[in-house]
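In: okay, here's the prediction I keep looking at, along with the sequence it came from:
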Number of protein chains: 2
Amino acid sequence: MSNRLLWAIRHMDTCTSFFTDNRERFIEEWREFLRFQSISTDPAYDAACTACAQWTVKHLSGLGFASELIQTATKPLVYAILSGVPTKPTVLFYGHYDVQPVDPLELWETPPFEPTLRAGRMYARGAQDNKGQVFYFLKAIEALRASGVSLPTIKVLLEGEEECGSAALHAGLRAMGEKLAAQVLMVCDTSMLAPGIPTITMGLRGIAHFEVRVHGPHVDLHSGMYGGVVLNPLQALTSIVSALHAADGSVAVPGFYDGVGEISAEDRSLANAAPIDVAAMEKAVGVELRGGEDRFSIVERRGFRPTVEINGLGGGYQAAGGKTVIPTHGFAKVSMRLVAGQDPRATLDKVVAFVKSKAPEGVRVETCDEKVGGPALQVSSQSSVVQKARQALAQAFDREPILVWEGASIPVIPLLSEVSGAEPVLVGFGLDEDRIHAPNESFSLTQFEDGYRYVTSFLSRL
Amino acid sequence: MSNRLLWAIRHMDTCTSFFTDNRERFIEEWREFLRFQSISTDPAYDAACTACAQWTVKHLSGLGFASELIQTATKPLVYAILSGVPTKPTVLFYGHYDVQPVDPLELWETPPFEPTLRAGRMYARGAQDNKGQVFYFLKAIEALRASGVSLPTIKVLLEGEEECGSAALHAGLRAMGEKLAAQVLMVCDTSMLAPGIPTITMGLRGIAHFEVRVHGPHVDLHSGMYGGVVLNPLQALTSIVSALHAADGSVAVPGFYDGVGEISAEDRSLANAAPIDVAAMEKAVGVELRGGEDRFSIVERRGFRPTVEINGLGGGYQAAGGKTVIPTHGFAKVSMRLVAGQDPRATLDKVVAFVKSKAPEGVRVETCDEKVGGPALQVSSQSSVVQKARQALAQAFDREPILVWEGASIPVIPLLSEVSGAEPVLVGFGLDEDRIHAPNESFSLTQFEDGYRYVTSFLSRL
């Protein structure tokens, strides 16, 4: 056993004791953090958001950080820095203090902003997403400092608008420049594959969307008098939308896959090694997992392949029974998930141009609400930061972590990685049972301690 | 000039004088008929419907008919018979005494059931559809009797549910048997191509409908986590629905055109002779007339070719902005207009089977609300009854009538024609400006007199 590993284990033990010794205080402080009604989507909670940010600034000061509240046009940002050993790679930790709305309130067993411990789980809005995962990070820093580990410089950036579009970050991130410069971007806003299975998220897909509207006659027409006379805009719409996909499940838009690389043998092997229970997933969603491109496995389709999805479709008569009209218009809401190598704007433009090119004569095709969410994030499995995280998790959990390539999007992370120059490492301890965004959100003390153990292990290895 | 023609003209003149002499009384009686709030869709007006039917029975008695009210499970039918010369072809006149609802009431300039004459037009619900067109028929009978013309046996059948599905007729028509036996089926529930242009409706399309539902996951799924994993039911729906039509605008369902004959040279020539103002129609509807099958003209597409139309489409997120879900299901409401030679049930079955055959793996496709409205009606341009109507109209209006093949459906007429054994002749004097089914419905005294002139001319020629 190397000296370095012995040293790490000793420090881990110290941190574990520190957790046990301070458990009640940690829980009490966590409750304080959870009591703020920091719902970002509803302006009625603006003051609560600011109060929560102020509390966090103060808490970071108490941990030894130089911390500040950064006012923005929308919700304030929390920024803090703790100077450390200059030879170690600087860490930028990103999280958010805002939470989702709480409705339907009547389904909560205990009030969402009165944090309640039941059977080892803390129930509150934000218990996991993201206050719980932010707070184990902060408590891990406290433990590491108390145990005397020499730390790298640590920067903390918490936003208050993750749940509603990250407006302040998108507007101001590039201007923050040097403040964000780092080598490692730590994000603890993800999940484990299953309880106790440490999981590194290696990728997130990018996102863009738009709406297509097909306009026909300017009033609903009688389908007897005008059927076969006027082109039905819903017939045109379905022909346009169905042209987006080929029979093999691939996207049929020319150039859509430009820049999308082959999956490396190593990534393919790592991704497919994730213990996916297809039968359980199919049971949970109620259908066979038959979407996407035939020639890829489920995890490959989700993690490495872009998609075009129809999120909504409408037009004409939708109530009970029938009504024989040729309606004035129809629409489809379309979104795409993008992967590494795809430029979101250019890809969106190609899909929009394709849709317009399919417009038949006799209707007018319009696109609107074009929106680029952000590009994909793909972490290399060769990344030294990922290697460190793998080692840290293997040691802390006594098993090799699973690497997963997620299909969802957190558009601000690729941007943060780009602006800070840091290599991202996404490790979180969420589980489906936490019910984030839903009534009775919770986070178990076990998950909290798992997170704490990961952070202490990872940071002490840098 | 033949004796017969001279005789006809003399009788026409007598009938014209009779109209002039009795104009005020006719208008007063018509007002009485229009005052009944015989809205058939709303049970609140059941008593008004019955009162209207009773008034009509009495009015027919006054004209010399043996008339009766036939109770049914729904609205009563009015039946009347006036015995005439046995060597002449028996006439069955079909009409309806029920009317459409009147909402939005606030848009009426005068109350819908207080018939008001303004600038030569009678404003009231039902002024045209169908009380106005029934009433000129009755007044023409009165005039013919007063003028001493020898009439054929005339049967009158008025229903009270034309605006809501003709339930009583569909249920009881076959049981009426001999009561309906006739050689000529007169219907005055159609329109003129333009003011003063006598128009014979030669065809009506049949109709059938159904709804297709595509079921995917049993809860809305996150399109990041499940995009490319689960087949999006809206993608499946658009691919199924778009397969219904080929690129040339024809219906792509195997066997859909079974039984559909070529258009005869004479019908083609007559139909295309109708003075259709394409530019005016395009202006009125706001789009180019680019629907249906490329290889047919507009009037051919409408009158002689069947269609499949999407009347409604829905699924997923439809409100403002975007929501990145893979929705649980989507649906399309589909109707078809049928032409002579197509069996409605068999054709519907083929379309439903086709839709099911296109179901991709990973979703469940269901069809429901299957409904056969009725078959098409196509009158031969060789029909002796049509020839008589052409002559009658040519004489009464001093111009050749236009023959039109309509695209709409009146499902009870093919059934009535079949049960009665009578050849249909559809001549009506409606115009777009009458605004039937809409606020401020009206019928001009000129149109009323046009109808009266047609009926007297036609019946005196039989």
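Out: Happy to help now that I have it.

In: contacts for stretch A:250-270?
Out: Contact partners of stretch A:250-270, identified using C-beta atoms under 8 Å, 6 or more residues apart in numbering or on different chains, comprise A:202, A:243-246, A:271, A:293, A:300, A:304-308, A:336, A:339-343, A:346-347, A:350-351, A:354, A:381-382, A:403, A:405. For the C-beta atoms, the positions are set from N, CA and C on the backbone; glycine is no exception.

In: run the last query once more with 7 Å
Out: Outside stretch A:250-270, the residues within contact range by C-beta atoms under 7 Å, 6 or more residues apart in numbering or on different chains are A:243-246, A:293, A:300, A:304, A:306, A:308, A:339, A:341-343, A:347, A:350-351, A:354, A:381, A:403.

In: can you tell me how far A:A376 sits from A:I402?
Out: In this view, A:A376 and A:I402 are 20 Å apart by C-beta to C-beta, to the nearest Å.

In: which of these two has more neighbours?
Out: Each of A:A376 and A:I402 has its neighbours counted (other C-beta atoms under 10 Å in any protein chain shown); A:A376 has more, 24 against 19.

In: so who does that one touch?
Out: A:G203, A:L204, A:R205, A:G206, A:L338, A:V339, A:A340, A:Q342, A:P414.

In: which of the residues you listed has the most neighbours?
Out: Most surrounded of the contacts of A:A376: other C-beta under 10 Å gives A:R205, at 34 neighbours.

In: which one is that residue nearest to, not counting chain neighbours?
Out: Setting aside the residues directly before and after it, A:R205 is nearest to A:R337 in space (C-beta to C-beta, 6 or more residues apart in numbering or on different chains), at 4.0 Å.

In: just to be sure, that neighbour is in a helix?
Out: No - looking at A:R337 with DSSP: H, G, I helix; E, B strand; the rest coil, it is strand, so not inside a helix.

In: got a list of what it touches?
Out: A:R205, A:I207, A:P306, A:T307, A:G407, A:S409, B:S223, B:G224, B:G227.

In: so stretch A:232-243, near chain B or not?
Out: Yes - under the criterion of C-beta under 7 Å from any C-beta of the partner chain, chain B is reached by stretch A:232-243 at A:N232, A:L234, A:Q235, A:T238, A:S239, A:V241, A:S242.

In: the one helix or strand A:R302 maps to near chain B at all?
Out: Using DSSP states H and E, A:R302 sits in helix A:298-304. Yes - judged by C-beta under 7 Å from any C-beta, helix A:298-304 comes into contact with chain B at A:I298, A:R301, A:R302.

In: name the helices or strands packed onto that helix?
Out: helix A:265-273, strand A:402-405 (3 or more C-beta pairs under 7 Å, 6 or more residues apart in numbering or on different chains; DSSP states H and E).

In: so which bits of the helix or strand following the last one are buried?
Out: Right, the one you point to is strand A:402-405. Using DSSP H and E, the helix or strand that follows strand A:402-405 in sequence is helix A:412-420. Within helix A:412-420, the residues scored as buried using 16 or more other C-beta atoms under 10 Å in any protein chain shown are A:V412, A:I413, A:P414, A:L415, A:L416, A:S417, A:V419, A:S420.

In: quick one: mean pLDDT for the following helix or strand past helix A:412-420?
Out: With elements assigned by DSSP H and E, the helix or strand that comes after helix A:412-420 is strand A:423-427. Mean per-residue pLDDT for strand A:423-427: 97.

In: circling back: ok, the contacts of A:A376 vs chain B, which is closest?
Out: A:R205 (6.0 Å; C-beta to the nearest C-beta).

In: list the residues that contact the closest one.
Out: Here A:R205 is in contact with A:R337, A:L338, A:V339, A:A376, A:G407, A:A408, A:S409, B:G224 (C-beta under 7 Å, 6+ apart).

In: same question for A:E282.
Out: Counting by C-beta under 7 Å, 6+ apart, A:E282 has contacts A:E288, A:L289.

In: how about A:S61?
Out: Applying C-beta under 7 Å, 6+ apart, the residues contacting A:S61 are A:S67.

In: roughly how far does it sit from B:A280?
Out: A:S61 is 77 Å from B:A280, by C-beta to C-beta.

In: likewise for A:I240?
Out: For A:I240, the distance to B:A280 - C-beta to C-beta - is 29 Å.

In: pick out whichever of these two has more residues nearby.
Out: A:I240 (24 against 9).

In: please, which helix or strand holds the more buried one?
Out: helix A:233-242.

In: how about the residues of the stretch 301-450 of chain A by chain B?
Out: A:301-302, A:305, A:307, A:309-318, A:321-326, A:330, A:333, A:335, A:337, A:361-363, A:369, A:407-409.

In: out of those residues, list just those in strands.
Out: Using DSSP state E, A:307, A:309-316, A:325-326, A:330, A:333, A:335, A:337, A:369 are the members of those that sit in strands.

In: could you report the pLDDT at the residue nearest the centre of chain A?
Out: In chain A, the residue lying closest to the centroid (C-alpha atoms, centre = their mean) is A:I410, at 3.8 Å. Per-residue pLDDT puts A:I410 at 90.

In: for A:I70, same thing?
Out: 97.

In: what sits against it?
Out: Residues in contact with A:I70 (C-beta under 7 Å, 6+ apart) are A:P76, A:L77, A:Y79.

In: and for A:I27?
Out: A:I27 neighbours (C-beta under 7 Å, 6+ apart): A:L117.
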